[in-house]
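*Asks:* return atomic coordinates for the entry below.
(one chain, ligands or ions: 1)
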Amino acid sequence: MSMGDVDGPDEPAVIEFRSVSKWYGQVIGVNNLSLRVARGVTGLLGPNGAGKSTLLQLATGQLRPSQGEVRVLGHRPWNNAGLNRYVGLCPEQDALFEWMTGRKFLRASAALAGLGRTAAREAADRALEHVKMTAHADRIVRGYSKGMRQRIKLAQALVHDPQVLFLDEPLTGTDPVARRELIDLIAGLAHEGRTILVSSHVLYEVQALTPRIVLMNRGRLVAFGDVRNIRDLIDAHPHRIVLKSPNTRNLAAKLVRWDDVVGVEIARGGDSIVIETHAPDQFYRRLPALAREADSLIEEIYSDDDSLEAVFKYLVNS
Ligand SMILES: Nc1ncnc2c1ncn2[C@@H]1O[C@H](COP(=O)(O)OP(=O)(O)OP(=O)(O)O)[C@@H](O)[C@H]1O
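*Replies:* Residues are numbered from 1 along each chain as shown. All right, here's what the predicted structure looks like:
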């Protein structure tokens, strides 16, 4: 387990990002991200706007990196239609071919991926069976429920039997039964040797699929590895809390004597203190008594939102 490093020393990387950035004008979607993903299921986790969809679109060649290199199965995805034969994407957005039946939609998707007419028909039927949509295959997509849409999108991603699958929030909007079925389906696809990157902003969804996660926030890779190791990393990582005060010198002098505070620093032109602690709960419990002292006014308290712990807590609590 490491911060944005190589996964499994013996496994070759199927998906590789080398110092990749993607800008949308002034907005950064992915910020200098390096990552190697091996076979099996990897969960891509992060709050809304973290850059997950941008990363998946870079990996599937829908976006071109502003900087750095992306490789999937050793090839550059951008402007490389040939790679589509080996890669499947289940997109987040729900805009499908509304007027088509599920079956026709899948046949068209298979044909787009390069399969001939007969092969595309067979592949569509197989994929429908795979996601348990055969009974609804001849209805038009517009009438599908959210769960049915997710299943038909997944069928579209795997209709041409790709080695690599990118699934953008595939479990969103599904009921618990459908969710269980999709999780089993995705696990089965990985068991057959595929590489699957699944994005989510809900930790427990991804944990049901894999212990191996990539944690993103604000376009950056915050941590990569086994979810248990990430928890350990959080425990080892001091929690940073910022206190805004007109009495920073007095406050700092008191806080350095607290045994649960490992660092005290006066910051931002002298009107704030940044403290570091391994026991934030205890720190927050003690703080009100301190703030009531006349020479230790505290105007504002906030935690450093970029910290691993803040992102993780967001994911655990959502
Ligand atoms: N087409 C676009 N034009 C401008 N900015 C964009 C565009 N797409 C994404 N962004 C910005 O890039 C950042 C990353 O967005 P992205 O959609 O990749 O995140 P995400 O983790 O997939 O979030 P969500 O789960 O909400 O889709 C955000 O700040 C977002 O506003």
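
*Asks:* phi first, then psi, for the residue of the stretch 101-250 of the chain found nearest the ligand.
*Replies:* Sorted by distance to the ligand under C-beta to the nearest ligand atom, the residues of the stretch 101-250 of the chain start with His201, at 5.6 Å. For the C-beta atoms, the positions are set from N, CA and C on the backbone; glycine is no exception. Per-residue torsions, His201: phi -110, psi 20 (degrees, to the nearest 10).

*Asks:* cool, and the one 4 residues further on?
*Replies:* Backbone dihedrals for Glu205, given as degrees, to the nearest 10, come out at phi -60, psi -50.

*Asks:* next: Leu203.
*Replies:* phi -60, psi -50.

*Asks:* how about the residues of the stretch 1-150 of the chain near the ligand?
*Replies:* Taking C-beta under 6 Å from any ligand atom as the measure of proximity, the stretch 1-150 of the chain contacts the ligand at Tyr24, Val27, Gly29, Gly46, Asn48, Gly49, Ala50, Gly51, Lys52, Ser53, Thr54, Glu92.

*Asks:* related to what we said a few turns ago, hang on, the residue of the stretch 101-250 of the chain closest to the ligand packs against Met216?
*Replies:* No: taking C-beta atoms under 8 Å as the contact criterion, His201 and Met216 are not neighbours in contact, 10.0 Å apart.

*Asks:* among the residues of the stretch 1-150 of the chain next to the ligand, which two are most distant?
*Replies:* When these are compared pair by pair using C-beta to C-beta, the two farthest from each other are Val27 and Glu92, 17.8 Å apart.

*Asks:* quick one: the helices in this protein?
*Replies:* Taking DSSP state H, the helices of the chain run over residues 52-59, 102-112, 117-130, 146-158, 176-191, 203-207, 227-236, 248-255, 280-291, 308-317.

*Asks:* so where's the stretch 201-318 of the chain shaky on pLDDT?
*Replies:* Low-confidence segments of the stretch 201-318 of the chain, defined by pLDDT under 70, span residues 304-309, 316-318.

*Asks:* what does it put close to the ligand?
*Replies:* By the criterion of C-beta under 6 Å from any ligand atom, the positions of the stretch 201-318 of the chain lying close to the ligand are His201.

*Asks:* and Leu112, what does it touch?
*Replies:* Counting by C-beta atoms under 8 Å, 6 or more residues apart in numbering, Leu112 makes contact with Asn84.
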